[in-house]
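Participant: how would this look folded up:
(one chain, ligands or ions: 1)
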Amino acid sequence: MKKEALHCIDVQQFNHNFLEEICDLADKIREISRTKAGMEYLASILNHKRAMLYFVQPSTRTFLSFYSACQMLGIKCAEVRDPKTSSEIKGESEEDTVRTFSLYFDLIIMRHPRANFAEKIANLLNDTDHPVPVINAGSGKDQHPTQALLDIYTLRRSFLHRGGIAGKQIAFVGDLRRGRTARSLALLLTQFQGVKLYFVAPSEYQMGQDILSFLDHQKTAYEITDDFEKVIPAVDAIYMTRLQDEWDREEGISVDIDIERFSFQKRHLDLLKADGIIMHPLPRRQEIAVEVDSDPRAAYWRQVRNGMYIRVALIAGIFQRDKKILDYYLANT
Ligand code: CP
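Facilitator: Take a look at the predicted model:
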C-alpha cells in the first residue's frame with residue numbers, strides 16, 4: 001500500500017470534531033507546560049524527529065511559534081529563510097529543493113508566496129518512497145490554515161463562558177481580498193452553527209467571490225459593507241487586518257484608500273460590546289491604535305501566544321502523539 005504522510009494544507013480538511021479536539025489538546029499542553037516536569041515530558045516525546053522550516057516569505061510569529069512548538073516537543077529544527085542561501089541560486093527548482101529536505105527531515109513546515117505550492121509539494125512527496133508531512137505556514141494570497149486554527153482557538157477561549165463560537169457575529173475588516181488569514185478563518189467559521197460574518201472593506205479589497213460562494217453553499221450568513229462604525233456594536237469579535245500592499249507590484253495596482261476608515265481607534269472601544277473582542281493576525285501598522293492594547297478586549301497578543309500551543313497540538317497530532325499527551329495529562333494534573 002502507498003504510504004502517505006499526514007499533511008496540513010488547507011482549512012477545508014478540518015471538520016468541527018477536529019477543531020474541538022485540537023483546541024482541547026492545546027489547552028492540556030498549555031496546562032502540562034506550566035511545570036518543569038511537564039516541559040521535560042513534552043520535550044521527550046518527539047526528540048528523535050527533525051524539522052525543516054522553509055520560509056521564503058517574511059514571518060515573525062508563524063516562524064517563531066513553529067520553532068518554539070518544535071522545541072517544546074523536542075524536535076530539532078533547521079531553517080532556510082532566504083533561497084539565495086540554498087542551491088536554488090544555482091538554478092535548482094523549488095520542487096527539488098524541498099524533495100531534498102524530505103530526505104534529511106521528518107517534517108517540512110513551509111511558507112511560500114505561491115498559492116497551492118504546499119499542496120503541490122505534499123502530492124509530490126506522497127509519490128516518493130520517503131513522504132514526510134508538510135505543513136502550510138502561509139501560501140500566497142490564498143490560505144494560512146494554522147493561523148485559522150489559532151484564531152478558532154482564541155475565539156473558543158474568549159467565548160468559553162458565552163456558549164462558544166456558535167451563533168456569534170464576527171466582523172472582518174481591511175484588505176480581505178488578499179488577506180489569507182481572513183480568507184482561511186472565514187472558511188473555517190462555516191463549521192459553527194448560526195455564525196454571521198460581516199466583511200468590512202473598500203470595494204477594491206472586499207472578500208473574494210470564491211469565499212462568498214463557499215459561505216452560500218454552507219448557508220453561513222454574511223453581510224458586505226464599508227461602514228465600520230455601524231458594524232462595531234453589532235458584533236462579538238472584530239478581526240482587523242492590514243493592507244497587504246506587498247502584492248501591489250505583482251498585481252500592477254496601488255489603490256489610494258482612506259485606511260483611517262478601516263482602523264480601530266481608541267474611541268471605538270465605547271462602541272464595542274463589553275464582552276466583545278478585537279483580534280488581529282499581526283503584524284499591524286495603523287489598523288489598531290496602540291492605546292487599544294491595554295483594553296482587556298484586545299485579544300491579539302493572546303492570539304500570538306495561542307499560536308504556539310495550537311501548533312504544538314497540531315504537530316503532536318501529525319505524529320500521533322495526541323493520545324499519549326492526553327494520558328499524561330490525566331495521570332499528572
Ligand atoms: N500572523 C502571521 O502570519 O504573522 P507572521 O507573518 O509574522 O508570521
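
Participant: what sits against the residue in the stretch 151-300 of the chain that the ligand sits nearest to?
Facilitator: Closest approach of the stretch 151-300 of the chain to the ligand (C-beta to the nearest ligand atom) occurs at residue 281, with a separation of 3.8 Å. All C-beta atoms are positioned from the backbone trio N, CA, C, and that covers glycine. Listed by C-beta atoms under 8 Å, 6 or more residues apart in numbering, the contact set of residue 281 reads 61, 144, 147, 151, 181, 239, 241, 303.

Participant: spell out which residues of the stretch 1-150 of the chain are next to the ligand.
Facilitator: 59, 60, 61, 62, 63, 138, 147 (C-beta under 6 Å from any ligand atom).

Participant: quick one: which of the contacts of residue 281 is most hemmed in?
Facilitator: Taking other C-beta atoms under 10 Å to define a neighbour, the member of the contacts of residue 281 with the most is residue 239, carrying 31 neighbours.

Participant: what are the phi and psi values at the residue of the stretch 151-300 of the chain closest to the ligand?
Facilitator: Comment: the main-chain dihedrals of residue 281 come out as phi -70, psi -20, following degrees, to the nearest 10.

Participant: hang on, the earlier thing: just the buried residues of the residues of the stretch 1-150 of the chain next to the ligand.
Facilitator: Applying a neighbour-count criterion of 16 or more other C-beta atoms under 10 Å, the buried members of those are 59, 61, 62, 63, 138, 147.

Participant: helix, strand, or coil at the third one?
Facilitator: Think residue 62. For residue 62, the reduced secondary structure class is helix; criterion used: DSSP: H, G, I helix; E, B strand; the rest coil.

Participant: cool, the fifth one as well?
Facilitator: With three-state DSSP as the basis, the three-state label of residue 138 is strand.

Participant: in this structure, which spans are helices?
Facilitator: Using DSSP state H, the helices assigned to the chain run over residues 16-32, 36-45, 61-72, 94-104, 117-126, 145-158, 180-188, 209-218, 228-231, 248-251, 300-318, 322-332.

Participant: which stretch in these is the model least sure about?
Facilitator: Within the helices of the chain, confidence is poorest for helix 248-251, with a mean of 81 (mean pLDDT).

Participant: buried set for stretch 163-171?
Facilitator: If you call a residue buried by 16+ other C-beta under 10 Å, then stretch 163-171 has these buried ones: 165, 168, 169, 170, 171.

Participant: what sits against the closest residue to the ligand within the stretch 101-250 of the chain?
Facilitator: Closest residue of the stretch 101-250 of the chain to the ligand, C-beta to the nearest ligand atom: residue 147 (5.3 Å). Applying C-beta under 8 Å, 6+ apart, we find residue 147 in contact with 62, 138, 180, 181, 184, 185, 281, 307.
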